[in-house]
Every structure is written in structure tokens, then in C-alpha cells.
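K.L.:
Return atomic coordinates for the entry below.
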Amino acid sequence: MTMRRLTVLKHLAWTVVVLTAGVILCGCPASDSRQAVTEPEPSVDDKIEVEIPKPSTEPEAPAPTVEPADEPADEPVAAEADTGSDLGPPLVENPENLEKLDPEKPVWIDQTVGRVVMVGQVCQTNVPLEMFACLRDTKEHESIVAVDVKAFVVHAGLLAIGADPGHPVKFDPEYAPAAGSEIEVTLHWKDQDGKVQTARAQDWIIDTKTQKPMAHRWVFAGSGFWEDEQTGRKYYQAEGGDLICVSNFSTAMLDLPIESSQANDALMFMADPKAVPPRGTPVTLVLTVGKVQ
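P.N.:
Numbering: from 1, shown residues only. The predicted model follows:
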């Protein structure tokens with residue numbers, strides 16, 4: 001095992017200790033998104049050697065309105081796109097620097113520049129949003145992108161590139177926004193002519209108040225754990241789908257550091273049908289700490 005991989009493992013140690021013991025990789029029981037979460041207190045000094053696979057090539061607000069689009073709004077149903085299909089390799093520079101974080105899922109880490117990379121698929125193009133990106137087969141009806149990954153693996157990758165999890169949104173005794181390292185989400189996809197396009201995730205989202213692209217960046221809220229009282233098992237709550245949120249959820253891995261309602265009649269953000277490519281388009285998501293220069 002190389003020294004670089006050992007360094008990664010030291011960064012990931014507390015996550016491996018906590019999550020491998022209790023996290024069920026899929027089908028996590030639903031929980032109240034406003035339920036207070038008591039996180040375990042893992043030791044950062046734990047050292048575990050695990051082989052990383054070799055590199056692989058408020059008053060009731062009015063319903064949100066947006067300017068008329070050239071196409072009708074998507075129906076609020078699950079996307080028709082096949083998110084289980086082969087979406088191709090990640091569209092990034094220097095893909096040889098990527099190392100698989102999960103041998104079976106499209107998620108990688110690149111420590112040379114500090115990025116976590118995922119490949120997903122556009123699932124909605126013109127709907128009110130609670131998520132920007134959800135996990136596959138969870139909340140596609142209110143998300144732009146669906147990714148077939150495990151949330152705790154993405155969490156571990158962010159830790160390895162130096163992101164600090166803060167805390168999810170709090171509602172009791174009073175509202176406190178999510179906090180943590182700022183995370184920039186950059187998108188790469190191919191247009192109809194096969195040319196690679198690039199945008200910030202915010203550019204695919206309309207702020208319904210300003211009618212402009214969303215101005216806020218995400219923070220690494222870090223989600224939390226839910227414990228089954230009967231079995232004692234702990235579950236990473238973001239496995240319910242709350243990967244990259246635009247409405248506040250106490251289960252979010254990434255959330256906005258502003259108050260953003262979950263109520264259907266007060267949703268602040270909507271997919272921009274003029275910016276989002278067609279349903280089914282493969283899209284590479286690149287997560288980095290702080291603002292991309």
C-alpha cells in the first residue's frame with residue numbers, strides 16, 4: 001500500500017469506523033427530516049487499513065412563479081430516464097488521476113487537485129425543486145440529477161479532500177442554518193453535437209424571487225444518523241436521497257446556508273428548462289472545496 005493511499009485511509013478512518021458498522025447501503029428507513037439527530041462520537045485517532053481499489057480509467061408564501069418557458073413543466077413523477085444504464089466515463093481533465101471510491105458505483109476521488117467526481121443523469125428539466133441531486137430511485141420527481149451512488153461514500157470522499165462537516169439545519173428551539181465547508185458543484189455534459197459543456201450547478205437553478213440563477217453555494221452539512229431502537233443499528237440519513245439539497249433538510253449531506261422552505265407552496269427554486277439538457281443526458285458532477293477560480 002502506498003503512502004498516498006495510507007494518508008487517504010487516515011482521513012477516512014472515523015467514517016469507516018462509524019459507517020461500516022451500521023450503515024445499510026440502501027433502503028434506509030424513512031425518518032422525520034426535522035427530528036433531532038444525535039451523532040456518534042467517533043475517534044479521529046482510529047487507524048484502519050483498508051485497500052483502496054487501484055485507479056480506474058413563516059407567513060404563507062404564494063406559489064413560486066417563473067417566466068413562461070418554451071416547453072411545458074415536467075410532470076411531478078419519477079424520471080423516465082434509465083439511471084441504471086452505462087453513462088460513460090466521467091467528463092473531466094486528467095481522468096487518469098481518478099481513483100474509485102466504490103468499485104461498483106460511479107464515484108471517484110482525485111487527490112491531486114482535491115475533487116470528488118460522480119456521474120449521474122438528468123431526471124427533470126422543469127419542476128419546482130427540493131433537491132439539485134438525489135440518489136437513484138429516491139426523489140427524482142423534485143430533483144434535476146439522479147446519481148447511483150451511496151451518500152456516505154461521497155461524504156467520505158469530501159473528508160479526504162479536506163472538507164469539514166459542520167452541522168445540518170436546526171429547527172428547535174429556533175431556526176439555525178446548515179453550516180460546514182463551502183462546496184462548489186461543477187457540471188460537465190455533452191450537447192447534441194457531442195461537444196462537452198460546462199456550468200456551475202447554480203446555473204441550472206432559477207431563484208423564483210429574482211428570476212436569476214441561484215446565487216448561493218452549498219455547505220457540507222454532513223447529514224446525521226438514525227438509530228433503530230429495536231436493532232441498535234445506525235443509518236446514515238442522507239441515504240434516503242438527500243444528497244445535494246436546495247430546501248432545508250436535517251438529513252442533507254449538502255444544504256444551503258439560508259432558510260429555504262420544504263413547503264410545496266413556498267419552494268424557492270426551480271429547474272431552468274432553458275439551461276438543463278434533456279432528460280436522460282449523462283452529467284458529470286465535480287465537487288470541490290470552496291469556490292472554483
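K.L.:
And the pLDDT at residue 37?
P.N.:
As predicted, residue 37 sits at a pLDDT of 35.
K.L.:
swap in residue 234?
P.N.:
Looking at residue 234, its pLDDT stands at 86.
K.L.:
ok, now the one 3 residues further on?
P.N.:
pLDDT recorded at residue 237 is 94.
K.L.:
could you measure the nearest residue to it once chain neighbours are set aside against residue 129, distance?
P.N.:
The shortest distance from residue 237 to any non-neighbouring residue, by C-beta to C-beta, 6 or more residues apart in numbering, is to residue 251 (3.9 Å). Where C-beta positions appear, they are placed from N, C-alpha and C, glycine not excepted. Here residue 251 is placed at a distance of 16 Å from residue 129 (C-beta to C-beta, to the nearest Å).
K.L.:
related to what we said a few turns ago, burial of the residue nearest to residue 237, as a residue count?
P.N.:
If you count neighbours by other C-beta atoms under 10 Å, residue 251 ends up with 29.
K.L.:
Likewise for residue 245?
P.N.:
Neighbour tally, residue 245, other C-beta under 10 Å: 31.
K.L.:
Leaving out chain neighbours, which residue sits closest to it?
P.N.:
Residue 245 sits nearest to residue 252 (C-beta to C-beta, 6+ apart), 4.2 Å away.
K.L.:
That neighbour contacts residue 240, doesn't it?
P.N.:
No - in this structure, residue 252 is not within contact of residue 240 by C-beta atoms under 8 Å, at 10.1 Å.
K.L.:
Pick out whichever of those two has more residues nearby.
P.N.:
Per other C-beta under 10 Å, whichever of residue 252 and residue 240 has more neighbours is residue 252, with 30 against 23.
K.L.:
where does residue 238 land in three-state SS?
P.N.:
At residue 238 the chain is in helix, as set by DSSP: H, G, I helix; E, B strand; the rest coil.
K.L.:
can you tell me how far it sits from residue 118?
P.N.:
Applying C-beta to C-beta, the value for residue 238 to residue 118 is 14 Å.
K.L.:
now residue 134
P.N.:
For residue 134, the distance to residue 118 equals 12 Å [C-beta to C-beta].
K.L.:
Next: residue 258.
P.N.:
Between residue 258 and residue 118 the distance is 24 Å, computed by C-beta to C-beta.
K.L.:
Comparing those two, which residue is more hemmed in?
P.N.:
residue 118 (26 against 14).
K.L.:
Strands of the stretch 101-250 of the chain, residue ranges please.
P.N.:
Assigned by DSSP state E, counting those that start in this stretch, the stretch 101-250 of the chain shows strands spanning 107-110, 115-122, 131-135, 145-147, 165-167, 179-180, 182-190, 196-200, 205-207, 212-213, 218-220, 225-227, 234-236, 244-245.
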